[in-house]
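> here is a sequence with its predicted model. Questions after.
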Amino acid sequence: MSAPPAKKKSRKGLVALVVIAIAAIVLVIPPALAGGLMVPLSKVVFKETTGSLSATQATANVSLITAYEYYFSIRSSGMFRTSDTNVNSNGNTTIKIDLKLTNPSGQTTDLGNTNINGGLGTRTHTIYLSVDQGVRVSGSYTLNVDITASVTVGGLLQANLTTTVTTTFTVS
């Protein structure tokens, strides 16, 4: 009759051990991946208007955040985010945004591109750059954003437009 209680103790101990192991993994892995407890984060924001394909000057703000905040909040939501500011259905556009980051030692990394389809108008783009994109060491970084848009109005008029937005930020 005393054998069943021993199994319950064994299961409780195993569950406690699994919980402790998971907590240890969650606490150790983000700083290990980031190379430290604190990581630099550059938030670059600019607007582009299709139709005229004009873009505002990009602004970059650099901050220091925890590796946990980066991996569990910022990174999980994506590096590139877009919100429609004033977009209408008077036409159609296909936008390709290509990102290239140059680090303090002069090496350029292609961060890939993003494609957006939709109406004409203004969109706000936010780009988050940190350890995964190569922003690790102190110094000056340059982000080149090449925007190419194919705009169609009324099904008849089509124009291909290109512009570049460049911003420089410093990690100290």
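That came through fine.

> so what does the longest helix along the chain touch, helix or strand wise?
Ranked by number of residues, the top helix in the chain under DSSP state H is helix 3-34. The contact analysis (3 or more C-beta pairs under 8 Å, 6 or more residues apart in numbering; DSSP states H and E) places helix 3-34 against helix 67-69. All C-beta spots, glycine's among them, are computed from the backbone N, C-alpha and C.

> mind redoing it with 10 Å?
Contacting helix 3-34 under the criterion 3 or more C-beta pairs under 10 Å, 6 or more residues apart in numbering; DSSP states H and E are the following elements: strand 38-49, strand 59-66, helix 67-69.

> now do the buried residues in the shortest one.
This means helix 67-69. 67, 68 (16 or more other C-beta atoms under 10 Å).

> residues making contact with that helix?
With contacts defined as C-beta atoms under 10 Å, 6 or more residues apart in numbering, helix 67-69 is touched by 26-27, 29-39, 41, 75, 130-131.

> show me what the mean pLDDT comes to for that helix.
Mean pLDDT, helix 67-69: 93.

> got it, and the first one?
Strand 38-49 carries an average pLDDT of 94.

> so after that strand, what's the next helix or strand?
strand 54-55 (DSSP states H and E).

> the domain parsing of this structure - what is it?
1-34, 35-171 (automatic domain parsing).

> from the middle of its chain, how far away would the first one be?
Per C-alpha atoms, centre = their mean, to the nearest Å, the displacement of domain 1-34 from the mean C-alpha position of its chain is 34 Å.

> and the helices and strands packed on helix 3-34, which is most packed in?
strand 38-49 (a mean of 20; mean count of other C-beta atoms under 10 Å).

> most centrally placed residue in this structure?
Nearest to the geometric centre of the chain sits residue 79, at 1.0 Å (C-alpha atoms, centre = their mean).
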